[in-house]
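Peer 1: Sequence and predicted structure, then a few things I'm wondering about:
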Amino acid sequence: MLSAVERTWPWWAEVLLLFGVGALSVQEAYVGAGGTLASPQVALAAAAGLSLAVRHRWPVAVSACTVAVAAFLGIALPLMAVLFHLAYVGRVTVAVACAVCAMAGNLVLQEQHGLWTTRSYGPLLLPVAVLALGLWMGGRRRLVASLDRQVEQLRVERELRAEQARLGERARIAAEMHDVLAHRLSVLALHAGALQRRAAVLPAPVADRVDLLRTTSTEALRDLRDVLGVLRDSEPDGEHGTRSPGPRDLPTLLHEARTAGQRIDAVVEGDVTAVPVSHRLAVHRVVQEALTNARKHASGAAVRVVVRYGPPKSAIEVSNEAGTRAGLAEVDSGYGLAGLTERIASLGGRLEYGPTEPGGWRLVAEIPLHDHTTSGAT
(Lines give C-alpha, C1' and ligand atoms only; values in the text may rest on other atoms or scores of the structure.)
Protein backbone atom coordinates (compact mmCIF):
# COMPACT_ATOMS: atom_id res chain seq x y z
CA MET A 1 0.00 0.00 0.00
CA LEU A 2 1.34 3.40 -0.91
CA SER A 3 1.58 6.08 1.72
CA ALA A 4 -0.29 9.34 1.60
CA VAL A 5 3.01 11.15 1.01
CA GLU A 6 3.20 9.65 -2.49
CA ARG A 7 -0.16 11.17 -3.47
CA THR A 8 1.35 14.35 -4.79
CA TRP A 9 -1.21 15.14 -7.48
CA PRO A 10 -3.84 17.80 -6.78
CA TRP A 11 -7.48 16.72 -6.79
CA TRP A 12 -8.31 18.48 -10.04
CA ALA A 13 -5.49 16.62 -11.84
CA GLU A 14 -6.92 13.34 -10.59
CA VAL A 15 -10.37 14.31 -11.86
CA LEU A 16 -9.00 15.26 -15.29
CA LEU A 17 -7.06 11.98 -15.47
CA LEU A 18 -10.09 9.86 -14.59
CA PHE A 19 -12.36 11.76 -16.96
CA GLY A 20 -9.91 11.78 -19.88
CA VAL A 21 -8.78 8.15 -19.62
CA GLY A 22 -12.28 6.89 -18.90
CA ALA A 23 -13.90 8.79 -21.78
CA LEU A 24 -11.27 7.78 -24.34
CA SER A 25 -11.33 4.14 -23.19
CA VAL A 26 -15.13 3.97 -23.40
CA GLN A 27 -15.02 5.55 -26.84
CA GLU A 28 -12.46 2.99 -28.04
CA ALA A 29 -14.50 0.12 -26.61
CA TYR A 30 -17.69 1.58 -28.14
CA VAL A 31 -16.14 1.61 -31.57
CA GLY A 32 -14.77 -1.92 -31.14
CA ALA A 33 -18.19 -3.18 -30.02
CA GLY A 34 -19.88 -1.95 -33.19
CA GLY A 35 -21.46 1.19 -31.76
CA THR A 36 -23.25 -0.44 -28.83
CA LEU A 37 -23.02 1.15 -25.40
CA ALA A 38 -24.72 -1.75 -23.59
CA SER A 39 -21.88 -4.18 -24.17
CA PRO A 40 -19.40 -5.96 -21.88
CA GLN A 41 -16.48 -4.24 -23.62
CA VAL A 42 -17.78 -0.77 -22.77
CA ALA A 43 -18.44 -1.76 -19.15
CA LEU A 44 -14.95 -3.24 -18.73
CA ALA A 45 -13.35 -0.14 -20.27
CA ALA A 46 -15.30 2.14 -17.94
CA ALA A 47 -14.33 -0.01 -14.93
CA ALA A 48 -10.66 0.10 -15.91
CA GLY A 49 -10.75 3.89 -16.22
CA LEU A 50 -12.52 4.39 -12.88
CA SER A 51 -10.19 1.93 -11.10
CA LEU A 52 -7.38 4.48 -11.48
CA ALA A 53 -8.95 6.44 -8.61
CA VAL A 54 -7.83 3.74 -6.12
CA ARG A 55 -4.41 2.98 -7.62
CA HIS A 56 -2.72 4.48 -4.54
CA ARG A 57 -4.58 2.20 -2.10
CA TRP A 58 -4.74 -1.03 -4.13
CA PRO A 59 -2.01 -0.84 -6.79
CA VAL A 60 -1.89 -4.62 -7.37
CA ALA A 61 -5.62 -4.95 -8.06
CA VAL A 62 -5.70 -1.91 -10.34
CA SER A 63 -2.62 -3.14 -12.24
CA ALA A 64 -4.21 -6.57 -12.77
CA CYS A 65 -7.46 -4.93 -13.99
CA THR A 66 -5.75 -2.67 -16.54
CA VAL A 67 -3.49 -5.49 -17.76
CA ALA A 68 -6.55 -7.72 -18.32
CA VAL A 69 -8.42 -4.99 -20.20
CA ALA A 70 -5.37 -4.30 -22.37
CA ALA A 71 -4.81 -8.01 -23.08
CA PHE A 72 -8.45 -8.88 -23.88
CA LEU A 73 -9.73 -5.65 -25.45
CA GLY A 74 -6.55 -3.94 -26.66
CA ILE A 75 -7.38 -0.70 -24.71
CA ALA A 76 -4.04 0.82 -23.73
CA LEU A 77 -4.80 4.13 -21.95
CA PRO A 78 -5.60 2.72 -18.45
CA LEU A 79 -2.51 0.54 -18.70
CA MET A 80 -0.34 3.54 -19.66
CA ALA A 81 -1.61 5.49 -16.62
CA VAL A 82 -0.75 2.57 -14.32
CA LEU A 83 2.69 2.13 -15.90
CA PHE A 84 3.43 5.82 -15.35
CA HIS A 85 2.27 5.61 -11.74
CA LEU A 86 4.38 2.54 -10.96
CA ALA A 87 7.48 4.09 -12.52
CA TYR A 88 6.83 7.36 -10.70
CA VAL A 89 6.83 5.67 -7.28
CA GLY A 90 9.92 3.60 -8.13
CA ARG A 91 8.32 0.20 -8.87
CA VAL A 92 10.04 -0.20 -12.22
CA THR A 93 10.19 -4.00 -12.13
CA VAL A 94 6.44 -4.28 -11.52
CA ALA A 95 5.75 -1.76 -14.29
CA VAL A 96 7.89 -3.67 -16.83
CA ALA A 97 6.22 -6.95 -15.82
CA CYS A 98 2.76 -5.42 -16.35
CA ALA A 99 3.76 -4.09 -19.77
CA VAL A 100 5.17 -7.48 -20.84
CA CYS A 101 2.09 -9.36 -19.60
CA ALA A 102 -0.27 -6.98 -21.38
CA MET A 103 1.61 -7.09 -24.67
CA ALA A 104 2.05 -10.86 -24.59
CA GLY A 105 -1.53 -11.50 -23.51
CA ASN A 106 -2.90 -9.24 -26.21
CA LEU A 107 -0.78 -11.01 -28.83
CA VAL A 108 -2.22 -14.39 -27.81
CA LEU A 109 -5.83 -13.52 -26.87
CA GLN A 110 -6.83 -10.68 -29.16
CA GLU A 111 -7.18 -11.49 -32.82
CA GLN A 112 -7.19 -7.86 -33.85
CA HIS A 113 -3.91 -7.32 -31.99
CA GLY A 114 -5.01 -3.95 -30.62
CA LEU A 115 -1.71 -3.26 -28.83
CA TRP A 116 0.32 -4.51 -31.80
CA THR A 117 -1.39 -2.49 -34.49
CA THR A 118 1.19 -1.19 -36.93
CA ARG A 119 2.16 2.39 -36.16
CA SER A 120 4.80 4.63 -37.62
CA TYR A 121 6.57 4.79 -34.24
CA GLY A 122 6.27 1.08 -33.47
CA PRO A 123 4.05 -0.70 -30.93
CA LEU A 124 6.60 -0.66 -28.05
CA LEU A 125 7.53 3.02 -28.16
CA LEU A 126 4.44 4.20 -26.25
CA PRO A 127 4.93 2.06 -23.10
CA VAL A 128 8.68 2.73 -23.15
CA ALA A 129 8.07 6.49 -23.35
CA VAL A 130 5.53 6.34 -20.50
CA LEU A 131 7.94 4.39 -18.31
CA ALA A 132 10.76 6.83 -19.04
CA LEU A 133 8.56 9.82 -18.22
CA GLY A 134 7.43 8.23 -14.94
CA LEU A 135 11.02 7.43 -13.95
CA TRP A 136 12.13 11.00 -14.66
CA MET A 137 9.30 12.63 -12.70
CA GLY A 138 9.69 10.19 -9.81
CA GLY A 139 13.42 10.86 -9.61
CA ARG A 140 12.78 14.59 -9.65
CA ARG A 141 10.26 14.22 -6.81
CA ARG A 142 12.74 12.25 -4.72
CA LEU A 143 15.45 14.81 -5.43
CA VAL A 144 13.22 17.67 -4.24
CA ALA A 145 12.31 15.70 -1.10
CA SER A 146 16.00 15.05 -0.41
CA LEU A 147 16.79 18.76 -0.78
CA ASP A 148 13.94 19.60 1.61
CA ARG A 149 15.37 17.21 4.19
CA GLN A 150 18.81 18.76 3.78
CA VAL A 151 17.37 22.24 4.30
CA GLU A 152 15.59 21.06 7.45
CA GLN A 153 18.80 19.46 8.71
CA LEU A 154 20.70 22.70 8.10
CA ARG A 155 18.02 24.61 10.02
CA VAL A 156 18.32 22.24 12.99
CA GLU A 157 22.11 22.50 12.90
CA ARG A 158 21.87 26.30 12.84
CA GLU A 159 19.59 26.24 15.89
CA LEU A 160 21.97 23.89 17.70
CA ARG A 161 24.90 26.19 16.94
CA ALA A 162 22.89 29.15 18.22
CA GLU A 163 22.04 27.22 21.40
CA GLN A 164 25.70 26.32 21.87
CA ALA A 165 26.66 29.97 21.45
CA ARG A 166 24.01 30.96 23.99
CA LEU A 167 25.31 28.44 26.52
CA GLY A 168 28.84 29.68 25.92
CA GLU A 169 27.72 33.24 26.53
CA ARG A 170 26.00 32.20 29.75
CA ALA A 171 29.20 30.54 30.92
CA ARG A 172 31.17 33.69 30.06
CA ILE A 173 28.71 35.84 32.01
CA ALA A 174 28.97 33.47 34.97
CA ALA A 175 32.76 33.72 34.90
CA GLU A 176 32.63 37.52 34.75
CA MET A 177 30.13 37.68 37.63
CA HIS A 178 32.36 35.41 39.66
CA ASP A 179 35.44 37.56 38.97
CA VAL A 180 33.66 40.83 39.76
CA LEU A 181 31.38 39.93 42.68
CA ALA A 182 32.69 36.82 44.40
CA HIS A 183 36.00 38.41 45.34
CA ARG A 184 34.39 41.52 46.80
CA LEU A 185 31.83 39.50 48.78
CA SER A 186 34.49 37.17 50.13
CA VAL A 187 36.59 40.17 51.26
CA LEU A 188 33.50 41.63 52.94
CA ALA A 189 32.81 38.32 54.72
CA LEU A 190 36.46 38.09 55.77
CA HIS A 191 36.47 41.55 57.36
CA ALA A 192 33.09 40.89 58.99
CA GLY A 193 34.54 37.71 60.49
CA ALA A 194 37.54 39.62 61.81
CA LEU A 195 35.23 42.13 63.48
CA GLN A 196 33.10 39.30 64.83
CA ARG A 197 36.09 37.84 66.64
CA ARG A 198 36.43 41.18 68.49
CA ALA A 199 32.75 41.25 69.46
CA ALA A 200 33.65 41.05 73.15
CA VAL A 201 35.16 44.55 73.12
CA LEU A 202 32.42 46.08 70.93
CA PRO A 203 29.12 47.54 72.09
CA ALA A 204 26.25 45.07 71.98
CA PRO A 205 24.32 46.80 69.14
CA VAL A 206 27.51 47.03 67.06
CA ALA A 207 28.31 43.36 67.74
CA ASP A 208 24.81 42.37 66.63
CA ARG A 209 25.17 44.36 63.41
CA VAL A 210 28.58 42.79 62.73
CA ASP A 211 27.09 39.33 63.22
CA LEU A 212 24.26 40.20 60.82
CA LEU A 213 26.80 41.56 58.32
CA ARG A 214 28.79 38.32 58.47
CA THR A 215 25.69 36.16 58.05
CA THR A 216 24.34 38.28 55.20
CA SER A 217 27.63 38.29 53.30
CA THR A 218 27.94 34.52 53.66
CA GLU A 219 24.38 34.03 52.39
CA ALA A 220 25.11 36.41 49.51
CA LEU A 221 28.10 34.28 48.50
CA ARG A 222 25.94 31.15 48.61
CA ASP A 223 23.21 32.81 46.53
CA LEU A 224 25.82 33.99 44.04
CA ARG A 225 27.08 30.43 43.64
CA ASP A 226 23.51 29.27 43.02
CA VAL A 227 22.98 31.92 40.36
CA LEU A 228 26.28 31.07 38.70
CA GLY A 229 25.30 27.40 38.75
CA VAL A 230 22.09 28.22 36.89
CA LEU A 231 24.01 30.24 34.30
CA ARG A 232 26.49 27.43 33.76
CA ASP A 233 23.88 24.68 33.70
CA SER A 234 21.60 24.33 30.66
CA GLU A 235 18.99 22.61 32.86
CA PRO A 236 18.06 25.01 35.68
CA ASP A 237 15.92 22.38 37.39
CA GLY A 238 18.80 19.92 37.61
CA GLU A 239 20.94 19.08 40.58
CA HIS A 240 22.85 22.36 40.15
CA GLY A 241 19.73 24.49 40.22
CA THR A 242 18.84 27.12 42.78
CA ARG A 243 18.21 26.14 46.36
CA SER A 244 14.57 25.79 47.27
CA PRO A 245 13.43 27.62 50.40
CA GLY A 246 12.75 25.18 53.18
CA PRO A 247 10.31 25.35 56.09
CA ARG A 248 12.66 27.56 58.16
CA ASP A 249 13.63 30.06 55.44
CA LEU A 250 10.72 32.43 55.98
CA PRO A 251 11.23 32.63 59.78
CA THR A 252 14.94 33.19 59.09
CA LEU A 253 14.09 36.03 56.73
CA LEU A 254 11.84 37.62 59.35
CA HIS A 255 14.51 37.20 62.03
CA GLU A 256 17.16 38.86 59.86
CA ALA A 257 14.82 41.77 59.15
CA ARG A 258 14.08 42.22 62.87
CA THR A 259 17.79 42.07 63.63
CA ALA A 260 18.34 44.83 61.06
CA GLY A 261 15.97 47.04 63.04
CA GLN A 262 12.57 46.49 61.43
CA ARG A 263 9.51 46.17 63.64
CA ILE A 264 7.61 43.19 62.27
CA ASP A 265 4.40 41.55 63.47
CA ALA A 266 4.24 38.20 61.64
CA VAL A 267 1.58 35.50 61.45
CA VAL A 268 2.46 32.30 59.56
CA GLU A 269 -0.21 29.62 59.32
CA GLY A 270 -0.55 26.34 57.43
CA ASP A 271 1.83 23.51 56.58
CA VAL A 272 4.67 24.82 54.41
CA THR A 273 5.69 21.27 53.46
CA ALA A 274 2.26 20.66 51.89
CA VAL A 275 2.83 23.17 49.08
CA PRO A 276 5.12 22.73 46.07
CA VAL A 277 8.56 24.25 45.84
CA SER A 278 7.41 26.89 43.37
CA HIS A 279 4.85 28.04 45.98
CA ARG A 280 7.43 28.33 48.73
CA LEU A 281 9.82 30.24 46.54
CA ALA A 282 7.09 32.64 45.42
CA VAL A 283 5.95 33.29 49.02
CA HIS A 284 9.54 33.81 50.11
CA ARG A 285 10.21 36.30 47.30
CA VAL A 286 6.99 38.24 47.96
CA VAL A 287 7.75 38.69 51.66
CA GLN A 288 11.39 39.50 50.90
CA GLU A 289 10.48 42.17 48.35
CA ALA A 290 7.82 43.68 50.62
CA LEU A 291 10.21 43.92 53.58
CA THR A 292 12.91 45.44 51.38
CA ASN A 293 10.51 48.07 50.04
CA ALA A 294 9.34 48.84 53.57
CA ARG A 295 12.93 49.40 54.71
CA LYS A 296 13.60 51.70 51.77
CA HIS A 297 10.37 53.67 51.60
CA ALA A 298 9.09 53.55 55.20
CA SER A 299 12.13 53.33 57.43
CA GLY A 300 11.18 52.82 61.07
CA ALA A 301 7.53 51.96 60.32
CA ALA A 302 5.92 48.83 61.74
CA VAL A 303 5.29 46.04 59.24
CA ARG A 304 2.61 43.36 59.52
CA VAL A 305 3.17 40.09 57.65
CA VAL A 306 0.43 37.47 57.30
CA VAL A 307 1.16 34.24 55.42
CA ARG A 308 -1.38 31.44 55.15
CA TYR A 309 -0.33 28.33 53.23
CA GLY A 310 -3.04 26.43 51.36
CA PRO A 311 -4.96 24.51 50.23
CA PRO A 312 -7.02 25.72 48.46
CA LYS A 313 -4.67 28.67 48.04
CA SER A 314 -1.75 30.39 49.70
CA ALA A 315 -2.29 34.00 50.72
CA ILE A 316 0.29 36.66 51.57
CA GLU A 317 -0.45 40.10 52.95
CA VAL A 318 2.25 42.59 53.92
CA SER A 319 1.35 46.09 55.07
CA ASN A 320 3.27 48.87 56.71
CA GLU A 321 2.50 52.21 58.26
CA ALA A 322 3.83 55.54 57.08
CA GLY A 323 7.51 56.12 57.63
CA THR A 324 10.50 58.09 56.41
CA ARG A 325 12.22 57.38 53.14
CA ALA A 326 15.69 55.86 53.62
CA GLY A 327 18.65 57.36 51.81
CA LEU A 328 19.35 54.12 49.91
CA ALA A 329 15.97 54.39 48.19
CA GLU A 330 16.74 57.50 46.18
CA VAL A 331 17.24 55.44 43.03
CA ASP A 332 14.55 52.83 42.29
CA SER A 333 14.70 50.22 39.56
CA GLY A 334 10.97 49.54 39.65
CA TYR A 335 11.59 45.95 38.51
CA GLY A 336 10.99 44.13 41.83
CA LEU A 337 7.20 44.33 41.90
CA ALA A 338 6.97 43.83 38.13
CA GLY A 339 9.01 40.65 38.43
CA LEU A 340 6.87 39.44 41.33
CA THR A 341 3.71 40.10 39.33
CA GLU A 342 5.03 37.97 36.48
CA ARG A 343 6.11 35.20 38.86
CA ILE A 344 2.74 35.06 40.62
CA ALA A 345 0.84 35.20 37.31
CA SER A 346 2.84 32.25 36.00
CA LEU A 347 1.51 30.23 38.95
CA GLY A 348 -2.08 31.24 38.19
CA GLY A 349 -2.30 33.72 41.04
CA ARG A 350 -2.64 37.47 41.40
CA LEU A 351 -0.62 40.23 43.03
CA GLU A 352 -2.04 43.59 44.10
CA TYR A 353 -0.25 46.46 45.78
CA GLY A 354 -0.74 50.14 46.43
CA PRO A 355 -0.80 52.93 49.00
CA THR A 356 -3.13 52.96 51.98
CA GLU A 357 -4.36 55.66 54.32
CA PRO A 358 -2.61 57.42 55.91
CA GLY A 359 0.60 57.12 53.91
CA GLY A 360 1.10 53.38 54.29
CA TRP A 361 1.56 50.59 51.77
CA ARG A 362 -0.12 47.22 51.32
CA LEU A 363 0.78 44.20 49.20
CA VAL A 364 -1.54 41.22 48.76
CA ALA A 365 -0.85 38.02 46.81
CA GLU A 366 -2.87 34.85 46.30
CA ILE A 367 -1.53 31.67 44.71
CA PRO A 368 -4.02 28.85 44.01
CA LEU A 369 -3.10 25.25 44.66
CA HIS A 370 -3.99 22.80 41.88
CA ASP A 371 -4.07 19.04 42.10
CA HIS A 372 -1.24 18.65 39.63
CA THR A 373 0.99 21.02 41.59
CA THR A 374 0.31 19.80 45.08
CA SER A 375 1.51 16.38 44.08
CA GLY A 376 4.94 17.83 43.44
CA ALA A 377 5.46 19.20 46.95
CA THR A 378 8.64 18.18 48.67
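Peer 2: Looks like it arrived, so ask away.
Peer 1: Burial check on Val305, number of neighbours?
Peer 2: 24 (other CB atoms under 10 Å). Bear in mind the C-beta positions are built from the backbone N, C-alpha and C, glycine included.
Peer 1: helix/strand/coil for it?
Peer 2: strand (DSSP: H, G, I helix; E, B strand; the rest coil).
Peer 1: beta partners of it?
Peer 2: In this entry, Val305 is beta-bridged to Ala266, Val318, by DSSP bridges.
Peer 1: what sits against it?
Peer 2: With contacts defined as CB atoms under 8 Å, 6 or more residues apart in numbering, Val305 is in contact with Leu254, Ile264, Asp265, Ala266, Val267, Val268, Val287, Ala290, Leu291, Ile316, Glu317, Val318.
Peer 1: In a markdown table, list those residues along with neighbour count.
Peer 2: Supplementary listing: the contacts of Val305 in a markdown table, determined by neighbours: other CB atoms under 10 Å:
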| residue | neighbour count |
| --- | --- |
| Leu254 | 20 |
| Ile264 | 18 |
| Asp265 | 11 |
| Ala266 | 18 |
| Val267 | 10 |
| Val268 | 15 |
| Val287 | 25 |
| Ala290 | 26 |
| Leu291 | 22 |
| Ile316 | 24 |
| Glu317 | 18 |
| Val318 | 25 |
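Peer 1: Turn the residues you listed into TSV, columns for pLDDT.
Peer 2: Shown next, in TSV, are the contacts of Val305 (pLDDT from 0 to 100):
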residue	pLDDT
Leu254	88
Ile264	90
Asp265	91
Ala266	90
Val267	90
Val268	90
Val287	90
Ala290	88
Leu291	88
Ile316	93
Glu317	93
Val318	93
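Peer 1: how does this protein divide into domains?
Peer 2: The record's domain split for the chain, according to automatic domain parsing, is 4-123, 162-232, 249-374.
Peer 1: what's the closest of the ones you listed to Leu143?
Peer 2: domain 4-123 (12.6 Å; CB to CB).
Peer 1: thought Arg308 was touching Ala266?
Peer 2: No - with contact defined as CB atoms under 8 Å, Arg308 does not reach Ala266; the gap is 11.9 Å.
Peer 1: Leu124 and Ile75: what is the separation?
Peer 2: Using CB to CB, to the nearest Å, Leu124 is found at 17 Å from Ile75.
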